[in-house]
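Participant: here is my input; please provide its structure:
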Amino acid sequence: MAVWRNLTSSDIEGLMRVADCVHPGLPESAQMFAERVKLYPEGCLALEEDGQVCGYAISHPIRQHHPPALDSLLGEIAPDANQYYIHDVAILPGLRGRGLATECIDRLLVVAKRYPTTSLVSVYGTESFWSRFGFLPEPAGEEFREKLRDYGEDAIYLWRLNGQRDTVG
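Facilitator: Numbers count the residues shown, from 1 in each chain. Sure thing, here's the model as predicted:
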């Protein structure tokens, strides 16, 4: 049975295997993932089954409308962070369709309640999936759209008000 738990630095190797499988066109470094775990451990989860990492979630606070560039280091969580950011939720294909993503996102949204809004960059045409959790597209200026291009041509910036719909039935 697969279960979500806190991600630790010892999970990075397993996380990288999942990331390489799920996001081959959006590579990120082990250093970036390790930094996120160190800076904001409560926003980082591992999905474990039979002792193996088979999914993960990375999230943390940011300044509104300032998502980090793909594969960039933060250095610190901005002291004036005023929005929660879901950087990634990835699950190996063989475990999808079992409600595990919903369980994960519900957990992340509990942490996100400390902030008025949550944002993310939707990739691979997942906008309709995220809409189930109350995420909506936010129009972006040219400079912001340029930053999103690193995430792929189909990347869309989404946001939601926290506390409006914190679980999916």
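Participant: burial count for the nearest residue to Ala155 once chain neighbours are set aside?
Facilitator: Distances taken as CB to CB, 6 or more residues apart in numbering place Leu148 nearest to Ala155, at 4.4 Å, with adjacent residues excluded. Every residue, glycine included, has its C-beta placed from N, CA and C. For Leu148, the tally of surrounding residues (other CB atoms under 10 Å) stands at 20.
Participant: assign a three-state SS to Leu148, would you?
Facilitator: What DSSP: H, G, I helix; E, B strand; the rest coil gives for Leu148 is helix.
Participant: contact partners of stretch 126-146?
Facilitator: With CB atoms under 8 Å, 6 or more residues apart in numbering as the test, stretch 126-146 has contacts from 65, 101-102, 105, 109, 118-120, 122, 148, 156-161, 164-165, 168.
Participant: one step back: show the model's pLDDT score for the residue nearest to Ala155.
Facilitator: Here the pLDDT value assigned to Leu148 is 83.
Participant: do the same with Thr167
Facilitator: On the pLDDT scale, Thr167 gets 47.
Participant: going forward, count from 406.
Facilitator: Sure, I'll start numbering at 406, so the last one becomes Thr572.
Participant: surely Leu513 touches Cys449?
Facilitator: No: with contact defined as CB atoms under 8 Å, Leu513 and Cys449 do not form a contacting pair (9.7 Å).
Participant: turn the buried ones among the contacts of stretch 531-551 into a named ChimeraX selection, would you?
Facilitator: Filtering the contacts of stretch 531-551 down to the buried ones (16 or more other CB atoms under 10 Å) takes a single ChimeraX command:
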select :506,510,514,523,524,525,527,553,561,562,563,564,565
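Participant: inside strands: which ones of the contacts of stretch 531-551?
Facilitator: Secondary structure from DSSP state E places 523-525, 527, 561-566 of these in strands.
Participant: between these, which sits nearest Pro498?
Facilitator: Ser527 (18.4 Å; CB to CB).
Participant: which residues does that closest one bridge with?
Facilitator: Ile561 (DSSP bridges).
Participant: and it, how far from Phe540?
Facilitator: Plainly put, Ser527 is 8 Å away from Phe540 if you go by CB to CB, to the nearest Å.
Participant: quick one: common contacting residues for the two?
Facilitator: Leu563.
Participant: of all the residues in the strand ranked longest in the chain, which ones are buried?
Facilitator: Longest strand in the chain, counting residues (DSSP E): strand 457-467. For strand 457-467, burial by neighbour count (16+ other CB under 10 Å) applies to 458-467.
Participant: next one: stretch 513-524
Facilitator: Those would be 513-514, 516-517, 520, 522-524, for stretch 513-524 by 16+ other CB under 10 Å.
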